[in-house]
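Novice: Here is the input, now give the coordinates:
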Amino acid sequence: MRATAPDRAGLAEIRGPLARALLIGLVGAAILVVVGGVLASTAGLLFVAGATGGGIGLALAGAAVPTPTGASERPPLERSAATRLAMVLACLAVLVGAFGTWLVAIAEGGALGPIDYLWQTFGPLVPAELLVAALGAAWGARAGPVVGR
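Specialist: Numbers count the residues shown, from 1 in each chain. Okay, the predicted model is just below:
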């Protein structure tokens, strides 16, 4: 089944979940920079990546269910499209965090390029963060949405 593009009303219903997902991604990237760059620690980086991905997925899952005020029974975003978007945003958050970590190293007098620095400092941890973030996002988008009662 092919995902279809949302109409104008659907785009309005996607804005809230997308804004929440972007905010979660920015906060997760900032935490990755603080832990990996400022504190120079690897402890907790995989957890932060997974939690960021899960949060992004749960936020975007809200766009994959019909809204009570919506004009149609169709959700504004297909579940598979929400999952893919969540995975992309989670990976982007990890990459922004890795780039920010490299910028901290440059500010402290580092001379390596971003890929060289990240590989020499963290080894396969950054690719593992990408994988954990993507898996967390896929889980969140499939398990959500979180709604209050």
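Novice: Any stretches of this structure with poor pLDDT?
Specialist: Applying pLDDT under 70 to the chain flags the ranges 1-12, 67-72, 146-149.
Novice: Just want the most central residue of it.
Specialist: A90 (2.2 Å; CA atoms, centre = their mean).
Novice: So it versus A141, what's the distance?
Specialist: Separation of A90 from A141 (CB to CB, to the nearest Å) stands at 10 Å. Yep, even glycine has a C-beta here, placed from its N, CA and C like the rest.
Novice: Quickly list what's touching both of the two.
Specialist: When contacts are counted by CB atoms under 8 Å, 6 or more residues apart in numbering, A90 and A141 are jointly contacted by G57.
Novice: In three-state terms, label the nearest residue to R74 once chain neighbours are set aside for me.
Specialist: Leaving aside its sequence neighbours, R74 sits nearest to P66 (CB to CB, 6 or more residues apart in numbering; 6.6 Å). Assigned by DSSP: H, G, I helix; E, B strand; the rest coil, the conformation of P66 is coil.
Novice: picking that back up, which ones are touching the residue nearest to the centre of the chain?
Specialist: G25, A49, T52, G53, I56, G57, A133, A134, G136, A137.
Novice: Would you check how far apart the residue nearest to R74 and P145 are?
Specialist: Distance from P66 to P145, counting by CB to CB: 11 Å.
Novice: L58 contacts G144, correct?
Specialist: Yes: counting by CB atoms under 8 Å, L58 does reach G144; the two are 4.1 Å apart.
Novice: Which SSE is immediately downstream of the helix ranked longest in the chain?
Specialist: Criterion DSSP state H: the longest helix present in the chain is helix 79-107. Sequence-wise, the next helix or strand downstream of helix 79-107 (DSSP states H and E) is helix 114-122.
Novice: name the helices or strands packed onto that following helix?
Specialist: helix 79-107 (3 or more CB pairs under 8 Å, 6 or more residues apart in numbering; DSSP states H and E).
Novice: any idea how far I31 is from A105?
Specialist: For A105 relative to I31 (CB to CB), the value is 17 Å.
Novice: next one: P17
Specialist: 21 Å.
Novice: In terms of neighbours, single out the busier of those two.
Specialist: Per other CB atoms under 10 Å, whichever of P17 and I31 has more neighbours is P17, with 25 against 19.
Novice: Now for that one: which residues touch it?
Specialist: So P17 contacts A59, L60, A61, G62, A63, P145 (CB under 8 Å, 6+ apart).
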